[in-house]
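Peer 1: Just the structure for this:
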Amino acid sequence: MSSDLLGLLPLFLLAAMLYSSVGHGGASAYLAILVLAGHARPDIAPTVLILNILVTVTGFTNYFRAGHFSPRLLWPFILASIPAAYLGGMVLLSQQTFSGILGVTLFIAGLRFTLFTKPILPRPPVNPGWIYGVGLPVGLALGFLAGLIGIGGGIFLSPLLLMMGWADAKQTAAVSAAFIILNSLSGLAAHAFNGTIYPKLAVPLGLTVLIGGQIGSWWGAWKVPPKVLQQVLGVVLLIASLKMIHDLF
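Peer 2: Residues are numbered from 1 along each chain as shown. I've put the predicted structure just below:
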């Protein structure tokens, strides 16, 4: 293992712990770290998606075992997002416009969760038809963007679920984790045609994020109050937004 790669491991461990605590895989953070370390973004997309899947499977398992997963909330979003993620992963174009728009959006959502500390609680159940009416087109858009950028899309779904009042912070983490796994697998299938997986990079990073993901998701699923988890999500969104805005320069 090179000294440069060894120096990146603590960053990947910390990113996996932070992101997995709110049901995310950390793809946006891994992309930022590797790009800043000098790796070309198209080349590392498959490796990043593999890391994303490893961390999110660990997170989903912990949140599922803790009883926070609701399939009813997942289906409306995932039905359209899986094929859309594959299509997005097949497109090769500049990410600057997308990074700018999404960066600002996530920044606003991140401020919402960090500055307003009152926990967002689920409202009474809404009509299933309304959830599908929102979930299908939103899932289509989020899936395509996730495949295009090379992430799982949970970073976009989480604030939506919370702001709509359809889930609390822990339910949101569980649904987002499942959403990320399925979209990442779909996006990986497409990116595999356009990139290469480097075992010397993927293996040590994979082991590192597995450890971080297990620690972070256990902490989030079993130990942290929803209020704290909501604030952690805000920090994650702010980090992701700054990373996307950074891509513009």
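Peer 1: wait, what's in contact with G206?
Peer 2: 50-51, 54 (CB atoms under 8 Å, 6 or more residues apart in numbering). Where you see a C-beta, it was placed from the backbone N, CA and C, and this is true even at glycine.
Peer 1: From these, which land in strands?
Peer 2: Using DSSP state E, the subset of the contacts of G206 located in strands is empty.
Peer 1: just these: which has the poorest pLDDT?
Peer 2: Minimum pLDDT for the contacts of G206 is recorded at I50 (89).
Peer 1: Give the closest residue to I50 in space, chain neighbours not counted.
Peer 2: A202 (5.9 Å; CB to CB, 6 or more residues apart in numbering).
Peer 1: wait, L210
Peer 2: L54 (5.5 Å).
Peer 1: wait, doesn't that neighbour sit right on V209?
Peer 2: Yes: with contact defined as CB atoms under 8 Å, L54 reaches V209; the gap is 5.9 Å.
Peer 1: Mind checking which of these two has more residues around it?
Peer 2: The residue with more neighbours, out of L54 and V209, is V209; 30 against 23, by other CB atoms under 10 Å.
Peer 1: Helix or strand: which one has the residue nearest to Y63 when sequence neighbours are not counted?
Peer 2: Leaving out its chain neighbours, the residue that sits closest to Y63 by CB to CB, 6+ apart is A174, at 3.8 Å. Assigned by DSSP states H and E, A174 falls within helix 169-191.
Peer 1: In terms of secondary structure, what does that helix contact?
Peer 2: helix 41-65, helix 71-90, helix 128-149, helix 154-164, helix 226-246 (3 or more CB pairs under 8 Å, 6 or more residues apart in numbering; DSSP states H and E).
Peer 1: By mean pLDDT, flag the weakest helix or strand of this protein.
Peer 2: helix 96-115 (a mean of 69; mean pLDDT, DSSP states H and E).
Peer 1: Neighbours of Q214, how many?
Peer 2: Q214 - counted by other CB under 10 Å - has 18 other residues nearby.
Peer 1: likewise L148?
Peer 2: When neighbours are counted by other CB under 10 Å, L148 registers 21.
Peer 1: Was I right to think it contacts V91?
Peer 2: Yes: under the criterion of CB under 8 Å, L148 makes contact with V91 at 5.6 Å.
Peer 1: mind checking pLDDT for P122?
Peer 2: 59.
Peer 1: err, G152, not the other one
Peer 2: You'll see G152 listed with a pLDDT of 76.
Peer 1: Repeat that for the one 10 residues further on.
Peer 2: We have a pLDDT of 81 for L162.
Peer 1: With the one 4 residues further on instead?
Peer 2: W166 carries a pLDDT score of 84 in this model.
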